[in-house]
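In: This is a predicted model, with the sequence first.
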Amino acid sequence: MKTENLIKEIANSIDYSSNEIKDYGNGIIVTKHEEEVLSSIGFDPKNYNSLSSLIFEIEEYLEDTGNDEYDELDDILNKMSERNYYLNTNK
């Protein structure tokens, strides 16, 4: 019974809404969490005309800062790049 309660407790503690996907059009699709992180740094997905242009700006930002404290932003960049590949590459 303890294991079942622990599983329920863990399942209830997960913030599923942070993985909610928002489509800004033009192929710009980000999760709520990604949007929050990007906005905190000054990137607003609404201001870009493609996912590629947003990815480019984030890459430039990471290169300019040269700071390792942006690991989370780097993870988001990798996810967005992968998403861009699967959505926008002819296979």
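Out: All right, it came through fine.
In: who's in contact with residue 86?
Out: The contact partners of residue 86, by Cβ atoms under 8 Å, 6 or more residues apart in numbering, come to none. All C-beta spots, glycine's among them, are computed from the backbone N, C-alpha and C.
In: oh sorry, the question was meant for residue 41
Out: Counting by Cβ under 8 Å, 6+ apart, residue 41 has contacts 61, 70, 73.
In: Next secondary structure element downstream of the helix or strand of the chain with the lowest mean pLDDT?
Out: Using mean pLDDT, DSSP states H and E, the weakest-scoring helix or strand in the chain turns out to be helix 2-13, at a mean of 81. With elements assigned by DSSP states H and E, the helix or strand that comes after helix 2-13 is strand 21-23.
In: average model confidence for the helix or strand following that next one?
Out: Next helix or strand after strand 21-23 toward the C-terminus (DSSP H and E): strand 29-31. The average pLDDT for strand 29-31 rounds to 90.
In: Direction included, what does strand 29-31 pair against?
Out: Within its sheet, strand 29-31 is paired with strand 21-23 (antiparallel), according to DSSP bridges.
In: What's the mean pLDDT across the strand it pairs with?
Out: What strand 21-23 shows for mean pLDDT is 85.
In: Other residues contacting it?
Out: The contact list for strand 21-23 (Cβ under 8 Å, 6+ apart) reads 29-32, 35, 45.
In: How far off centre is it?
Out: 10 Å (Cα atoms, centre = their mean, to the nearest Å).
In: Longest helix in the protein, please.
Out: helix 71-88 (DSSP state H).
In: how far does that one sit from the chain's center?
Out: Here the centre of helix 71-88 is set off from its chain's centre by 7 Å, with Cα atoms, centre = their mean.
In: Stretch 84-91 too?
Out: That offset, for stretch 84-91, works out to 17 Å (Cα atoms, centre = their mean).
In: Put the alpha carbons of that stretch into CSV.
Out: Extracted C-alpha coordinates of stretch 84-91, given in CSV (Å, rounded to 0.1, in the frame of the first residue of the first chain):
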residue,chain,number,x,y,z
ASN,A,84,12.7,22.0,-36.4
TYR,A,85,14.4,19.1,-38.1
TYR,A,86,11.4,16.7,-37.8
LEU,A,87,8.8,19.4,-38.8
ASN,A,88,10.7,21.2,-41.6
THR,A,89,13.0,18.7,-43.2
ASN,A,90,11.9,16.8,-46.3
LYS,A,91,12.7,13.2,-45.7
